[in-house]
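1. Need a 3D model of the following:
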Amino acid sequence: MGRKTLLAVAVSILSVTITLGSAALAASAAADPFNKVSNELYAKAKQEGALVVYSVWDVEHIVAILGAFSKRYPGIKTNYWQGRNPEIVTRVVTEFQAGRDSVDAILSDNAPPVIRAAGAIMSYETVQKDFLVLHDPTMPIVSLQIQALTYNTKKMKREDLPKSWEDVANPKYKGNVALDDPMRAGPLSTQLAALKDLWKDDARFARFVKGLKALNVPVHKSTSAMFRLVISGEYAIAMPALLHDALTEKEKGTPVDLVVTAPPIVFPRYAGIYAKAAHPNAAKLLTEWLISTEGQAALDSVGREASRKGFQSKTSIENAYPAGTKPIPVNDKLFMEDPKKWLDINVKLLWEG
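-> Next up, the predicted model:
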């Protein structure tokens, strides 16, 4: 084979190699588009130079999360205000009506859908939507509230456990269930919204709510306080508990465990972007970073459940439940935007009538 022929073969091989390499890089970028959007948004966010967050999260959690974000993206000064959901809604809607650009991102569960209904949320769809357990095309879901059916292992034998959420309403559990107040728009309320949407059977739903009422137990307005009563043995079953709390206690050796035949109920925690944000690119960058594996690790480090599929942690659904377990999502639009109205329509008469 002559020198020209060898050169032609070498060029041909190099061309194929470059083509294959480019294709691999393109496939990699398509598989996880975070790096590309991160670079693009960071360049713009640095010019904005600041980020203001309103959140219902614990102050120490907000500080830790924003500290990790600032370390990852220097040059963006972060600030925050912490309040309860009703306070956040009132403040944001008032500022929106006054035309103020006082906040950029809202980190919360209940508040962002209500704010969106008032027209004060900028629609933004994350480029990482394919990685999410739950996806909303207008507001990125960065974390989840995961509800688990939990029991005290010293108070109840495994063979006597309810097999599903619906089984908890069986009369044989009368007096043994620590029950969240279904009318307070708390975890049991979100569970009812999820199950009603799942079943699409009003008669079945009515039997379930009336069955819970017939358990004849006082209802509780704090999920954490209610769970402590199950830990202490005052009740056998927590309806419901939060997955993180249950697994943390189990890890300590506390006599609690999950009823894994009852699929977890998942409720979204959003990063909503304010419609009049002064620093919209910084807000978008925060949301994309929170969904990335690095951001999810930061959330996990402060005890907040990941929203990303396949993210490995003790509180991930994949870790806590058998393979193939499908979570039950909360999707009802009315419940998201006006939980009190939803409860008045769907639960109040059944519960109080």
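2. Spatially central residue (nearest the centroid) of this structure, please.
-> By Cα atoms, centre = their mean, the mean C-alpha position of the chain lies nearest to residue 144, the distance being 1.6 Å.
3. ok, the helix or strand that contains it: who's next to it in the sheet?
-> Using DSSP states H and E, residue 144 sits within strand 141-152. The pairing partners recorded for strand 141-152 under DSSP bridges are strand 237-242 (antiparallel), strand 256-258 (antiparallel), strand 265-274 (antiparallel), strand 305-306 (antiparallel).
4. show me where pLDDT drops low in the protein?
-> 1-30 (pLDDT under 70).
5. Would you map the helices across the stretch 51-200 of the chain?
-> 59-72, 85-97, 111-117, 187-199 (DSSP state H, counting those that start in this stretch).
6. Show me the strands in the stretch 1-150 of the chain, by range?
-> 50-55, 77-82, 105-108, 121-122, 141-152 (DSSP state E, counting those that start in this stretch).
7. Kindly reformat those strands as TSV containing distance to residue 70.
-> Where you see a C-beta, it was placed from the backbone N, CA and C, and this is true even at glycine. What follows is the strands of the stretch 1-150 of the chain, written out as TSV (distance: least, Cβ to Cβ, whole Å):
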stretch	distance to residue 70
strand 50-55	9
strand 77-82	6
strand 105-108	14
strand 121-122	22
strand 141-152	17
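8. okay but residue 182 is in contact with residue 190, surely?
-> No. If you go by Cβ atoms under 8 Å, residue 182 and residue 190 don't touch, sitting 10.0 Å apart.
9. Of those two, which one has the most company?
-> Neighbour comparison, residue 182 and residue 190: the larger count goes to residue 190, with 26 against 23 (by other Cβ atoms under 10 Å).
10. who are the neighbours in contact with that one?
-> 145, 147, 265, 267, 330, 335 (Cβ atoms under 8 Å, 6 or more residues apart in numbering).
11. Max pairwise distance over these: which two?
-> 147 and 335 (14.5 Å; Cβ to Cβ).
12. circling back to that earlier point, out of the strands of the stretch 1-150 of the chain, which is closest to residue 298?
-> Among the strands of the stretch 1-150 of the chain, strand 141-152 sits nearest to residue 298 (Cβ to Cβ), with 10.4 Å.
13. So what pairs up with residue 238 in the strands?
-> residue 150, residue 178.
14. Give me the neighbour count for it.
-> 31.
15. Measure how buried the residue lying closest to residue 191 once chain neighbours are set aside is and give me the count.
-> Leaving aside its chain neighbours, residue 191 sits nearest to residue 265 (4.9 Å; criterion: Cβ to Cβ, 6 or more residues apart in numbering). By other Cβ under 10 Å, the residues close to residue 265 number 27.
16. Bridge partners for residue 265, pull those for me.
-> Judged by DSSP bridges, the bridge partners of residue 265 are residue 147, residue 328.
17. State the distance from it to residue 148.
-> Distance of residue 265 to residue 148, computed by Cβ to Cβ, to the nearest Å: 8 Å.
18. So in terms of bridging, what pairs with residue 308?
-> Taking DSSP bridges as the rule, residue 308 bridges to residue 132.
19. show me what contacts it?
-> 128, 131-133, 291, 293, 296 are the contacts of residue 308 under Cβ under 8 Å, 6+ apart.
20. farthest pair in those residues?
-> The largest separation in these, counting by Cβ to Cβ, is between 133 and 293 at 14.2 Å.
21. Who has more neighbours out of those two?
-> Neighbours per residue (other Cβ under 10 Å) separate residue 133 from residue 293, with residue 133 holding more: 21 against 16.
22. hang on, residue 144 packs against residue 269?
-> Yes. Using Cβ under 8 Å, residue 144 is in contact with residue 269, at 6.2 Å.
23. which residues does the residue lying closest to residue 189 once chain neighbours are set aside contact?
-> The shortest distance from residue 189 to any residue other than its chain neighbours is 5.6 Å, reached at residue 182 (Cβ to Cβ, 6+ apart). Residues near residue 182 by Cβ under 8 Å, 6+ apart: 188-189, 192, 209, 212, 219, 343, 347, 351.
24. How far does stretch 210-221 stretch from one end to the other?
-> 19 Å (Cα to Cα, to the nearest Å).
25. Tell me the buried residues in it?
-> For stretch 210-221, the neighbour count (16 or more other Cβ atoms under 10 Å) marks 211-213, 215, 217, 219-220 as buried.
26. contact partners of it?
-> Contacts for stretch 210-221 (Cβ under 8 Å, 6+ apart): 168-171, 173-182, 184, 186, 226, 229, 235, 239, 350-351.
27. who wins for neighbours among the contacts of residue 190?
-> Of the contacts of residue 190, with other Cβ under 10 Å as the count, residue 147 tops at 30 neighbours.
28. separation between the residue nearest to residue 48 when sequence neighbours are not counted and residue 212?
-> Using Cβ to Cβ, 6+ apart and skipping the chain neighbours, the partner closest in space to residue 48 is residue 279 (4.1 Å). Note on residue 279: its distance to residue 212, by Cβ to Cβ, is 45 Å.
29. next one: residue 225
-> For residue 225, the distance to residue 212 - Cβ to Cβ - is 19 Å.
30. again with residue 94
-> With Cβ to Cβ as the criterion, residue 94 and residue 212 are 37 Å apart.
31. Please apply the same query to residue 274.
-> Distance from residue 274 to residue 212, by Cβ to Cβ: 38 Å.
32. nearest spatial neighbour of residue 53, skipping sequence neighbours?
-> residue 80 (4.5 Å).
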